[in-house]
Every structure is written in C-alpha cells, then in structure tokens.
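**Q** this one's sequence-less:
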C-alpha cells in the first residue's frame, strides 16, 4: 500500500511540477531592477515593490517566489517577507512585476531592499 501511495505521489508531482526544475537552473531568472514604495491602505501600511525580471533561459517560468529582505539605515535586517507573483515570463523575455507586502515597521525604518528569486515553476505543469 505504501509503495502505491509513493508511486501516486511521484506521478502527481511530475504532472504538477515536471522538469526542468528551477533549483537546477537558478540563474535562469534575473531581477534587472527593483524599487520599493510605501503607501497607507485601508488594511494598514504597505510596501510595494516594482521591478523588471528577465528570463535568460528558453524555459517559460511562472509562480515566481521572491525572497524580500529589508535593511535599516544601519545595515541591519529589519524585516523579511516571501512573496509570490503569478506572472509568466517566456523564454528569453522580460516581464514587469509588482509585489504588495504588509509593512511591520514605519517607513523611515526601511533603508534598502535586497530581492532574490527563491523558486519558480515551469509552465509544463498542469496547474
């Protein structure tokens, strides 16, 4: 019974996230530029990150996960967030993105942003 469950699990994973895997080609996506802005909303203060992303591979990627690290003016890490964008970046193409993040500190506590791509899925999956 366990073997059947493991086999089904592997088949389901291959259908939803078939190769190639982003972890095998982490240099495929590159953030060309990014900026952060602060705005008050009805749900509290928000950080908006906008930027341009380029795909340096022939594989189209979507469901891109961003690792956002915010540093204070003294260089210390003051906040962090993982955000996902549902955009698709075709092979050899660029795409603009915008992330919305709840702020946990006052705007003046944020000095700079470092943004990384931690994961993406190729478009061959059924989801």
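**A** Happy to help now that I have it. On a predicted model such as this, the values are computed, not experimentally measured, just so you know.

**Q** if you average the pLDDT over the helix or strand hosting residue 64, what comes out?
**A** Per DSSP states H and E, residue 64 falls inside strand 61-71. If you average the pLDDT over strand 61-71, you get 97.

**Q** got a list of contacts for the next helix-or-strand element following it?
**A** Counting by DSSP H and E, the next helix or strand C-terminal to strand 61-71 is strand 77-89. In this structure, residues lying in contact with strand 77-89 by Cβ atoms under 8 Å, 6 or more residues apart in numbering are 29, 49, 53-55, 60-72, 95, 97-105, 109-111, 118, 123. (Each C-beta comes from the backbone N, C-alpha and C, glycine too.)

**Q** thinking again about what came up before, next, the buried residues of the strand holding residue 64.
**A** If you call a residue buried by 16 or more other Cβ atoms under 10 Å, then strand 61-71 has these buried ones: 61-64, 66, 68, 70-71.

**Q** which one of those residues is nearest to residue 38?
**A** Proximity of the buried residues of strand 61-71 to residue 38, judged by Cβ to Cβ, is greatest for residue 70, which lies at 11.1 Å.

**Q** surely that closest one touches residue 110?
**A** Yes: using Cβ atoms under 8 Å, residue 70 is in contact with residue 110, at 5.1 Å.

**Q** show me the common contact partners of the two, please.
**A** If you check residue 70 and residue 110 against Cβ under 8 Å, 6+ apart, the residues they both contact are 36, 47, 78-79.
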